[in-house]
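Chemist: structure for this input, please:
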Amino acid sequence: MATHESKTFFGAAPSAARTATLLVALALAALLHPPGAWAGDAPAWQVAFKTKFMLNSHTSYQFGNPFDPYQVPLSRLEFDMDSTWAGFEARRQLGRLSLGLGYMSTVRDQRSGQLRDYDWDDDTAPHALTIFSASSCRMRPSYQFQVDADLRVSDVLGLPSSVDLRPVVGFRGQQLRFMAHDGVQYTYDTAGNVTSRTDFAGDAIKFKQNWHQYFAGLRLAYDWDSPPLVHSLRLNSQLDVSYVEGKNRDDHLLRGDRVTRDITYGHAWHAMAGLAFGVTEGLDLGLEVDYLHIETNGTHKFLDKGLGVGLNWLNGVRAWSEQTSVSLSLDYRF
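Modeler: Okay, here's the model as predicted:
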């Protein structure tokens, strides 16, 4: 089934690209603007150095059969992404307004779990699993970044001074890169019996996935007055939803010049809860637990130059990701 696609970068609508550009420009303007230019008092800075550990996390995609009997899914791939990241966050307080910028990347090439690859390609038994393979999965250098703006409204609403409530908007970008290697593949008959096993060594699938998220939500913090043992204690939380644009590319290294691509659109929701332990007046130790769920649908492209085959279709195309992480940070305010 032929489909029309946008020719803009990353499949993004021009308005979405302008939104991201504007948010980045605002954050850079705030970070670079001379002190005191936005408010009567000198604006407060906060810089954090952060390490994040991804746990029980994955990113996945699947597609259905473009031909009769149109089974969904026809194929599904699930990439584990348990990994370690490091980076920084910078934030500047400008009266009620706060602008932030953050960047994180994987520490190095690292084992992230498995790639699990499933196929249901018997048209006479479309719901019977026919092929399953499991490979070791290595996470190649990947990154994510965020720019956001929030606005304090808790005092306007008459909330206690210990409560800090802020609507927040922003942009969150992520690129994930994987290499699947050294695995085993099983084939099954319609009764579910294994009919063959094939072991393979070396690199098998190179995968890259991009997520662009335009989000809006709420931040809520609570400051504990005179906590024991520490200088200060703050409970931080955030809940947001986003419009998502996704794009992935899958190179099948053991099948000649075969490439599959997906361009998808959808939504995500994100929740965070954390504690900031004040060591001194300007130094905090932070602990955060974070969950992100992405769900998108779109267009699948199949290209095999060796066979001279190129197809686009929509049936059963889905890309999604579940990311759970625990982060530790050292935050300095000045």
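Chemist: what's the longest strand seen in the chain packed up against?
Modeler: Taking DSSP state E as the criterion, the chain has its longest strand at strand 194-224. Counting contacts by 3 or more Cβ pairs under 8 Å, 6 or more residues apart in numbering; DSSP states H and E, strand 194-224 packs against helix 14-32, strand 75-80, strand 110-119, strand 131-151, strand 163-188, strand 232-252, strand 258-278, strand 318-333. Placement of C-beta: from N, CA and C, glycine included.
Chemist: okay, the angle between the fifth one and strand 110-119?
Modeler: Angle, strand 163-188 to strand 110-119, by axes from the mean of the first three to the mean of the last three Cα atoms, to 10 degrees: 60 degrees.
Chemist: what residues of strand 163-188 count as buried?
Modeler: By neighbour count with 16 or more other Cβ atoms under 10 Å, strand 163-188 contains the buried residues 164-166, 168-181, 183, 185, 187-188.
Chemist: and it, how far from the chain's centre?
Modeler: From the chain centre to the centre of strand 163-188 is a distance of 4 Å (Cα atoms, centre = their mean, to the nearest Å).
Chemist: what pairs with that strand, parallel or antiparallel?
Modeler: strand 131-151 (antiparallel), strand 194-224 (antiparallel) (DSSP bridges).
Chemist: return the most buried member of these.
Modeler: strand 131-151 (a mean of 19; mean count of other Cβ atoms under 10 Å).
Chemist: using CSV, list the CA coordinates for that strand.
Modeler: C-alpha atoms of strand 131-151 as CSV (Å, rounded to 0.1, in the frame of the first residue of the first chain):
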residue,chain,number,x,y,z
ILE,A,131,10.3,-18.2,14.0
PHE,A,132,11.9,-17.0,17.2
SER,A,133,15.4,-15.8,17.7
ALA,A,134,17.3,-14.4,20.7
SER,A,135,20.5,-12.5,20.4
SER,A,136,22.9,-10.7,22.7
CYS,A,137,22.3,-6.9,22.4
ARG,A,138,24.9,-4.2,22.7
MET,A,139,23.9,-0.6,23.2
ARG,A,140,26.0,1.6,21.0
PRO,A,141,26.6,5.3,21.9
SER,A,142,23.2,6.9,22.4
TYR,A,143,22.0,10.2,23.8
GLN,A,144,19.0,12.2,25.0
PHE,A,145,18.4,15.9,25.7
GLN,A,146,15.6,18.1,27.1
VAL,A,147,14.7,21.7,27.1
ASP,A,148,11.8,23.0,29.2
ALA,A,149,10.2,26.1,30.8
ASP,A,150,8.0,26.1,33.9
LEU,A,151,6.1,28.8,35.9
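Chemist: just how off-centre is that strand within its chain?
Modeler: Distance of strand 131-151 from the chain centroid (Cα atoms, centre = their mean) equals 6 Å.
Chemist: swap in stretch 263-276?
Modeler: 8 Å.
Chemist: please apply the same query to stretch 289-304.
Modeler: Relative to its parent chain, stretch 289-304 has a centroid offset of 10 Å by Cα atoms, centre = their mean.
Chemist: how about low-confidence regions in this structure?
Modeler: The model of the chain has pLDDT under 70 over residues 1-43.
Chemist: list the residues that contact residue 207.
Modeler: For residue 207, the contacting residues are 77, 79, 115, 176, 177, 178, 179, 180, 248, 249, 250, 251, by Cβ atoms under 8 Å, 6 or more residues apart in numbering.
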